[in-house]
Structure formats: C-alpha cells, structure tokens
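*Asks:* got a sequence here, can you build the structure:
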Amino acid sequence: MLPYLKDRPQSLNLKLTKAGGPTTFIKDMENRQPDCAEIFTDQRRIKKVGKRNQIDYLVCNNVETLRTMIDWGCVDINRWASRIQQPEEPDYIWLDLDPTVTKKTEDQGFEQATHVAIATKVVLGKHKLKGFIKTSGKTGLHIYIPCSGFSFEQTRFIANTLADEVHELVPDISTRSETINHRKGKVYIDANQNDYADTLAAPYSVRPYHRPIVSTPLKWKEVKPGLDRYKFNMNEILSRLDKKVDFFRGIQDEKNIATNNLLLEKIRVSLK
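*Replies:* Next up, the predicted model:
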C-alpha cells in the first residue's frame, strides 16, 4: 500500500466504535501528528467559523505513520490524487462506479457495476487510453487513468466526457444523475471526484463494512459477470499477491503516463 500513499495528503476517516459505526473525520492535524509523520500545510479553501485558515494534512510515507493511523481507528485509507510536490496537478483521472443499493440489493448492484466497468473498458479502448481498475472494497469499482500536467478542472472535464460515453453504452443500468432519488437503482458513474483535495480509498485498503473486504487491484480479464467481491478479503489478499502480481504496478509507469497524456490532450482539445 505504501507506494500508493507516498507524498499524498490524507483525509482520516476514523471508526472509533465499530466497522459500521459513526465516522469521525479529521483533515487538520493541529499538531496531533506523530513524530514519524510528514505534514502538508495548505490554505483552507472554504473559510469556516472557529477554524483556522490553514490545514495541516497528514502525509503517510512510512510504516510507522500507517500504524499510527490504524491505531487511531483509521481502517480505510483515503488519499489525494495529487502529491505534495504538485498539489494542483493530479496523477490520475478517477471514475467511481457506484451502485445505488440497499443492503438486500448489494450483490445485484455490484454485478451491474461490473457490466458498467466492461463498458468503461470499451470506451478506454476507443480512445486507446491505459486504465487500471480495482474493487472499491464495498459495492463498486474504481477506474484510474494515469496522467500528468493537467489541472483538476481539466481532468474533471475529461472524466465527465468519458463518463457520458460509458453511460451511452449502458443506459439501462447506469446513470449520470448526482441526485440519489433520481438514480432508480442504477450505477452512478461518478466523475466529480476529480477536484482538489478529493480522496478515494487507496489500493489494498481494508474497508470498514459488513465484511472486511479489501479494495483490490484487478486484471481487466477478471472483470466479467459473476465477479465475486467477497473473495478479496483480509484472509485472502496476501495469498493473492503471492500468486499474482500487483496489477496496479504500471500505474506510475512513465511510458503509460506519457501515452495517456497525448491521448487525453487530444480529447480535451476536441471538446473545446
């Protein structure tokens, strides 16, 4: 997990009672960080009464900091798409395939998300983009498209364009509506988590859910009807890594990023 956390500010979601219990959110360390941790100081973008004008984000660059986060009750690890060296430029475009489900319809929702992910792969192939996929660790799937040199405004624009194209392929099971009541049980293709300081669960993060499912990188060939999200759990993830490679290892490959940059710029310019 650590390579995917390096130099990325964290937003802490603490579960202080139990996995399904209430969440305590912490962004500003306010001098509570351990000595082993690094801090990224940022100006508060939206001023709040009673809050100081800066935020000291925790940066997890070593095992000791990660252990401290876990000791605090931070089960799932949520980090930025950008790094502290260039906080205004994301390293990925994110598409979050988020089923609209109840507890009884979770499995059906995940199956629908799998079909939407297959459509996403078709759209990526159309544009010759290199994308990576992982389970969310709950009921959905996350798509990462590596990039560099783009602003968050630009990546959000491109993400929404790609999301619209995916929706056109599977309109019966997907939606672009942000309003939950309008989704009617469909998979929300969320392209709006591409803003400054937005976070997404890190690869290999355990999620505090009904079961301890791990947000697991997949090979695209694994993404097919009948994909079982429950097999990606705490008990199985280490043996999986022993048998298979880390399918996210190419996400920081300079060649993949350079190729994607050219193709993403082509999309951006064509839609001006």
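
*Asks:* what about the strands in this protein?
*Replies:* 9-10, 12-15, 23-26, 38-43, 54-59, 78-80, 92-99, 132-135, 141-146, 174-175, 187-190, 199-201, 217-218 (DSSP state E).

*Asks:* roughly how far apart are Ile237 and Ser205?
*Replies:* As judged by CB to CB, to the nearest Å, Ile237 and Ser205 stand 11 Å apart. For every residue, glycine as well, the C-beta is placed using N, CA and C.

*Asks:* redo the strands of the chain as TSV? Include mean pLDDT.
*Replies:* Output for the strands of the chain, formatted as TSV (pLDDT from 0 to 100):
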stretch	mean pLDDT
strand 9-10	98
strand 12-15	94
strand 23-26	93
strand 38-43	97
strand 54-59	97
strand 78-80	97
strand 92-99	98
strand 132-135	98
strand 141-146	98
strand 174-175	97
strand 187-190	98
strand 199-201	97
strand 217-218	97
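
*Asks:* before we move on, back to that, neighbour-wise, which of Ile237 and Ser205 wins?
*Replies:* Shown here are Ile237 and Ser205; by other CB atoms under 10 Å, Ser205 has more neighbours (24 against 18).

*Asks:* can you pull the contacts of the more buried one?
*Replies:* Contact analysis of Ser205 by CB atoms under 8 Å, 6 or more residues apart in numbering lists Met1, Asp76, Ile77, Asn78, Gly137, Val214, Ser215.

*Asks:* which one of the residues you listed is nearest to Lys104?
*Replies:* Closest approach to Lys104 among the contacts of Ser205 (CB to CB): Gly137, at 19.6 Å.

*Asks:* now that closest one. Its backbone dihedrals?
*Replies:* phi 90, psi 0 (degrees, to the nearest 10).

*Asks:* pLDDT score assigned to it?
*Replies:* Looking at Gly137, its pLDDT is 95.

*Asks:* let's number from 717 now, not from 1
*Replies:* All set: I'll call the first residue 717, so the last point we hit is now Gly853.

*Asks:* separation between it and Val922?
*Replies:* To Val922, Gly853 is 7 Å away according to CB to CB.

*Asks:* what about those two, which has more around it?
*Replies:* Between Gly853 and Val922, counted using other CB under 10 Å, the more crowded position is Gly853 (26 against 20).

*Asks:* for the chain, longest helix please?
*Replies:* Taking DSSP state H as the criterion, the chain has its longest helix at helix 822-843.

*Asks:* please identify the buried residues of it?
*Replies:* When burial is assessed from 16 or more other CB atoms under 10 Å, helix 822-843 yields the following buried residues: 822, 825-837, 839-840, 843.

*Asks:* helices and strands around it, which ones?
*Replies:* Judged by 3 or more CB pairs under 8 Å, 6 or more residues apart in numbering; DSSP states H and E, helix 822-843 is in contact with strand 808-815, strand 848-851, strand 857-862, helix 868-885, strand 890-891, strand 903-906.

*Asks:* residues making contact with the shortest one?
*Replies:* Right, the one you point to is strand 890-891. With contact meaning CB under 8 Å, 6+ apart, strand 890-891 is reached by 816, 828, 832, 835, 882-883, 898-900, 902-905.

*Asks:* circling back: overlap in contacts, Ile953 and Ser921.
*Replies:* Common neighbours of Ile953 and Ser921 (CB under 8 Å, 6+ apart) are Val930.

*Asks:* so how far is Lys764 from the residue nearest to the spatial centre of the chain?
*Replies:* Among the residues of the chain, the one closest to the centroid is Leu916, at 3.3 Å (CA atoms, centre = their mean). Counting by CB to CB, the gap from Leu916 to Lys764 is 24 Å.

*Asks:* could you do Gly865 as well?
*Replies:* According to CB to CB, Gly865 and Lys764 sit 32 Å apart.

*Asks:* show me which of those two is the more surrounded one.
*Replies:* A count of neighbours by other CB under 10 Å puts Gly865 above the other of Gly865 and Lys764, at 13 against 8.
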